[in-house]
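Based on what follows, work out the 3D shape:
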Amino acid sequence: MVNKIALSATLLASTALGAETDSLPVLGETVSATVSATTAKLFDGETFQITEASLASLAAINATDASIFGFASNDSATLARQAQFGSCKTYAGDALWPSDELWDTFNKLSGGKLIKTVPMGSVCYDDFGNENADSCNYITANWNNNSYIFTDSPVGFNTPLYEGCTCIPPTLWIHGNGHCTDGGLPSYSVNVSTVADVQLAVNFARSLNLRLNIKNTGHDFAAKSMGGGALSIWTHNLKDIEFYSDFTQGSYSGPAMKVGAGVQAFEMYEAANKYGVTAVGGEGQTVGLMGGYIQGGGHSPISGWYGMAADSILAIELVTADGRFLTVTEESEPDLFWAISGAGGSTYGVVTSMVIQVQEKIDVSTMTLSIGPTSPDGVTNEQLFAAMRIFFSNFVEYGYDKRMYIYFTFIPVGTDSYLFSLAPWFAPNTQLDDFKTNTTEPLLKAWADLGIETSPVYGYHDNYYDAWKAVFPLETFGSLVYRQGSRLFPKENFENETKFNATWDAITSVMKEGAMVIGFNIAPRHADGKVYDNAINPAWSNNLCHLIMAGMWETDSSLATIQNISDTVTFDWMERWRAVTPGSGAYMSEADYIEPNFQQSFWGDKYARALAIKEKWDPNDVFYAHMAVGSDKWEMTEKIFGHLPLQASKLCRV
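Take a look at the predicted model:
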């Protein structure tokens, strides 16, 4: 039996290049922790930075290296390199692709933090020299049900389908050719622990026109942190957390936490609970909260009370496209602060940490239950859909009036058979007796009148962390048997009878044709009435229901079947949902990989401003992510399954 630690050791032992100690020194120097433009001190790793003085020292050893690893400039060496830039990013075989010696120089300057990619599935093949039957069995058994092994790897992603499935355990993907390649994975990753590490990678990629990725945990549905041939900045190990009981920034005064970019939900919630406060974050255990999650807006089980996660941002520490380290606040850089607070990750810079406001300790009541063919006495489809319609018709009461968060799933479990689950119903700031008497029991009585018996499981906790830990299971990851899209359904669709009927028909029509649906009854806003001005999708301000829909296939399905289901998701099922929600949008982090008119869907009327800020701070597109702000200037040159951009192909200007 091989555990995840042993598996990681098997992979990383064959990939780490190792620091050389007999030549170049680590590039950078220590600065004062108080140079931040906030009252929060820099973390230790943030105090080690590339500076003009450290670059001058490098130039004394090798002026060429200093130019390649230095800040953006218009000197002759930089202009000469830029003259060689083609219409595509630089790839192996191109004149500007780094030689092995130059990669080794990078590794020395980083102190041995450069990792050459070896795919996670490589232990099942002999192509990378690390084939191991026990490790292969372990990773095969845990591929879909253990997100920790993916998030703890620099090359673990939630969306292997889009990289080309070039190194999947063979029993999970029958269409392989018996070999393993790195496909759409980055060629190298940097295991960053200091600001200097981030600056080194940004400067190197900018100087040589390399595709640059930022990978925290890899949860994003649109593969934003993936890219073949790229240099990847792996922020996963930036784990520092600092609590401030009385923090002042701009108009805010109160408790706050400074959180490293690599901190995951389970870590932040545990720390917040330790200090007697509550932090706004996602429901998934392994999501990296300061990465694409919060930068993309970030919905939360407590959004009905405290808004979206990006509303909590007070200050941002990041490295921008020119390689400089910057503290961004609403006062110091209002446009950049506005954009990073909701316009998406991997776009404006590499965040190393954020300061976020936190809330008082809260109590939470919960309930979970399932109904379907295995319920007592069984449940017919007619009963099931009637029960669901009653449930949906009460969304205004549950999500808006009472500020609750209901996570529910609808899963086909056989031919014309379905399982509907409330997993969980999450009621912040609500006592259990009140929750039962005034909210859940009236619904369950209405279901009983339909002939449906239920066995709800209730819980009550005096703090958010224990409630969250008790009812949210470890999320699935890395699936190869479905493709999804999503839509934000506005409150008015549940208030107007005609619109509700059309909405209900659109939702249930795809369910009855085989779609899996994951839903959230959620209406983000602030109990104190405050409205935040940031780049979060304006569709969230009117939202009452966020639905994710997926088309599924079998492990042994043909490529033609997979393509047909993929096309059905985007061009048929999702079109029905878009038709009943004109002018609304989708949550960018959980959206269709080829969302039509994504600029409107993800940002609405805020896109023009978000793009202008992108062009100001990153005029040469050092940062790129699929369907991110400004990404429509670029395209991947190949597609998979008909219409899906293939991350293993070249990234070129349109």
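
got the buried residues for stretch 361-372?
Buried residues in stretch 361-372, defined by neighbour count with 16 or more other CB atoms under 10 Å: Ile362, Asp363, Val364, Ser365, Thr366, Met367, Thr368, Leu369, Ser370, Ile371, Gly372. (Glycine included, C-beta is placed from N, CA and C.)

What about these, which are in helices?
Among the buried residues of stretch 361-372, no member falls in helices (DSSP state H).

quick check, nearest of those to Asn438?
Nearest to Asn438 among the buried residues of stretch 361-372 is Ser365, at 11.1 Å by CB to CB.

mind listing what the closest one touches?
Ala427, Thr430, Gln431, Leu432, Asp434, Phe435, Tyr458, Gly459, Tyr460 (CB atoms under 8 Å, 6 or more residues apart in numbering).

Name the nearest residue to the third one, sequence neighbours excluded.
Distance criterion CB to CB, 6 or more residues apart in numbering; nearest residue to Gln431, sequence neighbours excluded, is Ser365 at 6.6 Å.

TSV for the contacts of Ser365, including pLDDT and secondary structure?
Below are those laid out as TSV (pLDDT from 0 to 100; DSSP: H, G, I helix; E, B strand; the rest coil):
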residue	pLDDT	secondary structure
Ala427	99	strand
Thr430	98	coil
Gln431	98	coil
Leu432	99	helix
Asp434	99	helix
Phe435	99	helix
Tyr458	99	strand
Gly459	99	strand
Tyr460	99	strand
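
before we move on, back to that, which residues does the residue nearest to Gln431 form a beta bridge with?
Beta-bridge partners of Ser365, counted by DSSP bridges, are Ala427, Tyr460.

when you give positions from now on, start the count at 39
All right, first residue 39 from here; so that's Ser403.

quick one on the thing from earlier: among the contacts of Ser403, which one has the most neighbours?
Ala465 (28 neighbours; other CB atoms under 10 Å).

if I look at Ala243, how far off is Ala110?
12 Å (CB to CB, to the nearest Å).

Also Asn145?
For Asn145, the distance to Ala110 - CB to CB - is 23 Å.

ok, now Phe636?
29 Å.

Same drill for the two, tell me which one is more crowded.
Phe636 (23 against 17).

OK, contacts around that one?
Phe636 makes contacts with Ala624, Met626, Ala629, Met665, as judged by CB under 8 Å, 6+ apart.

Show me which of those residues are buried.
Ala624, Met626, Ala629, Met665.

Reformat the residues you listed as TSV; add secondary structure, distance to Phe430 and pLDDT.
Converted to TSV, these look like this (DSSP: H, G, I helix; E, B strand; the rest coil; distance: CB to CB, whole Å; pLDDT from 0 to 100):
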residue	secondary structure	distance to Phe430	pLDDT
Ala624	coil	19	99
Met626	helix	25	97
Ala629	coil	22	97
Met665	coil	29	98
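
ok, of those residues, which one's closest to Gly298?
Met626 (22.9 Å).

do you know how far the closest residue to the closest one other than its chain neighbours is from Gly382?
For Met626, ignoring the flanking residues on the chain, the nearest one in space by CB to CB, 6+ apart is Phe640 at 4.2 Å. Using CB to CB, we find Phe640 at a distance of 7 Å from Gly382.

Give the intersection of the neighbour lists for the two.
Met626.

ok so, going back, would you tell me which one of the buried ones among the contacts of Phe636 comes nearest to Tyr503?
Set against Tyr503, the nearest of the buried ones among the contacts of Phe636 by CB to CB is Met626 (27.2 Å).

The closest one and Gly336 touch, don't they?
No: the pair Met626 and Gly336 fails to qualify as a contact (CB atoms under 8 Å) at a distance of 10.6 Å.

low-scoring pLDDT stretches of the stretch 339-488 of the chain, where are they?
Counting by pLDDT under 70, the stretch 339-488 of the chain contains low-confidence residues at 414.

just checking, the residue nearest to Met626 touches Ala624?
Yes: at 6.6 Å, Phe640 counts as touching Ala624 under the criterion of CB under 8 Å.

anything in contact with each of those two?
With contacts defined as CB under 8 Å, 6+ apart, the residues shared by Phe640 and Ala624 are Asn575, Glu633.

How is the protein divided into domains?
Segmentation of the chain into domains, based on automatic domain parsing, reads 42-272, 402-641.

Would you mind putting those into a markdown table with distance to Glu369 alongside?
Output for the domains of the chain, formatted as a markdown table (distance: least, CB to CB, whole Å):
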| stretch | distance to Glu369 |
| --- | --- |
| domain 42-272 | 8 |
| domain 402-641 | 13 |
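
rank these by pLDDT, which is bottom?
In terms of mean pLDDT, the lowest-scoring of the domains of the chain is domain 42-272 (a mean of 90).

Now find how far off-centre it is within its chain.
On the basis of CA atoms, centre = their mean, to the nearest Å, domain 42-272 sits 18 Å off its chain's mean C-alpha point.

cool, and stretch 590-603?
26 Å.

how about that stretch: buried residues?
For stretch 590-603, a neighbour-count test (16+ other CB under 10 Å) marks Met590, Trp591, Ile600, Gln601, Ile603 as buried.

from the residues you listed, which two are the most distant?
Farthest pair in these, by CB to CB: Met590 and Gln601, 14.0 Å.

What separation is there between the residue sitting nearest the centre point of the chain and Gly159?
With distances taken as CA atoms, centre = their mean, the chain has Asp258 as the residue nearest its mean C-alpha position (3.6 Å). Taking CB to CB as the measure, Asp258 falls 20 Å from Gly159.

So Tyr498 sits against Ile400, correct?
No: when contacts are counted by CB under 8 Å, Tyr498 is not listed as touching Ile400 (12.0 Å).

So which bits of stretch 423-436 are buried?
Phe423, Ala424, Ala425, Met426, Phe429, Phe430, Asn432, Phe433, Val434, Glu435, Tyr436.

chain center to it: distance?
With CA atoms, centre = their mean, you get 29 Å for stretch 423-436.

how about the CA coordinates for it, as PDB?
Coordinates of the C-alpha atoms in stretch 423-436 are reproduced here as PDB (Å, rounded to 0.1, in the frame of the first residue of the first chain):
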ATOM      1  CA  PHE A 423     -40.000  16.200  -9.500                       C
ATOM      2  CA  ALA A 424     -43.100  17.400  -7.600                       C
ATOM      3  CA  ALA A 425     -41.100  17.500  -4.400                       C
ATOM      4  CA  MET A 426     -38.300  19.400  -6.200                       C
ATOM      5  CA  ARG A 427     -40.700  21.900  -7.600                       C
ATOM      6  CA  ILE A 428     -42.000  22.700  -4.200                       C
ATOM      7  CA  PHE A 429     -38.400  23.100  -3.000                       C
ATOM      8  CA  PHE A 430     -37.400  25.400  -5.900                       C
ATOM      9  CA  SER A 431     -40.500  27.500  -5.500                       C
ATOM     10  CA  ASN A 432     -39.400  28.400  -2.000                       C
ATOM     11  CA  PHE A 433     -35.900  29.700  -2.900                       C
ATOM     12  CA  VAL A 434     -36.800  33.300  -2.300                       C
ATOM     13  CA  GLU A 435     -37.700  32.400   1.300                       C
ATOM     14  CA  TYR A 436     -34.700  30.200   1.900                       C
END
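
Indicate which one of the domains of the chain is closest to Gly342.
domain 402-641 (3.2 Å).
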